[in-house]
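Asker: no sequence on this one, just coordinates:
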């Protein structure tokens with residue numbers, strides 16, 4: 001599975017309007033609160049859009065996992081994902097284990113997310129705290145050859161909703177907020 005996604009910033013008002021639109025016109029998939037630690041300082045790690053490998057500890061409503069995302073080509077918005085489920089309902093043990101493995105640095109994040117399916121696209125509305133709101137639109141590709149086509153479809157769907165999609169540089173700037 002190759003995750004193809006686009007993102008864009010929302011104001012608090014846009015977030016509320018889009019949520020109301022999706023509640024009326026889309027299928028609600030789930031809402032969750034996610035605590036996440038983005039590990040740093042390992043081979044392949046670099047700033048957000050340049051890194052080939054992304055390793056995270058995630059706790060989504062008590063469901064814990066180690067998530068690995070790897071870039072599949074030069075497209076920063078396409079990554080292969082591998083999830084390793086943990087039996088614990090907190091990340092306390094996982095944090096101790098990754099520290100013992102040498103991962104001593106990480107960025108803690110907490111996000112509230114509402115996920116909808118609209119026009120065969122998975123839409124996530126994210127409240128990242130500190131008055132930061134954004135959307136993600138995602139589809140899954142089976143092969144590298146599908147990535148560009150799916151990204152174009154996602155961009156068109158966002159434009160139809162009057163949403164502005166981040167460029168690679170805008171994504172980097174946003175992630176560093």
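Answerer: Yep, it's here. The structure presented is a predicted model; accordingly, all values stated were derived computationally and were not measured.

Asker: Which strand or helix spans residue 29?
Answerer: Using DSSP states H and E, residue 29 sits in strand 27-40.

Asker: Give the other helices and strands that that strand contacts.
Answerer: On a contact count with 3 or more Cβ pairs under 8 Å, 6 or more residues apart in numbering; DSSP states H and E, strand 27-40 meets strand 53-60, strand 105-118. In this view, the C-beta of every residue, glycine as well, is placed from N, C-alpha and C.

Asker: so where do the helices sit in this protein?
Answerer: Taking DSSP state H as the test, the helices found in the chain are 12-25, 92-100, 147-160, 168-175.

Asker: Reformat these as CSV; add mean pLDDT, distance to residue 2 and mean neighbour count.
Answerer: Converted to CSV, these look like this (pLDDT from 0 to 100; distance: least, Cβ to Cβ, whole Å; neighbours: other Cβ atoms under 10 Å):
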stretch, mean pLDDT, distance to residue 2, mean neighbour count
helix 12-25, 98, 25, 14
helix 92-100, 94, 26, 13
helix 147-160, 95, 6, 16
helix 168-175, 77, 18, 14
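
Asker: mind listing what the strand holding residue 29 pairs with, with the direction of each?
Answerer: With DSSP bridges as the test, strand 27-40 is paired with strand 53-60 (antiparallel), strand 105-118 (antiparallel).

Asker: Highest mean neighbour count out of those?
Answerer: Greatest average neighbour count among the strands paired with strand 27-40 goes to strand 53-60 (a mean of 19), per mean count of other Cβ atoms under 10 Å.

Asker: Could you report the neighbour count for residue 9?
Answerer: Using other Cβ atoms under 10 Å, residue 9 has 19 other residues around it.

Asker: Surely it is in contact with residue 166?
Answerer: Yes: using Cβ atoms under 8 Å, residue 9 is in contact with residue 166, at 7.2 Å.
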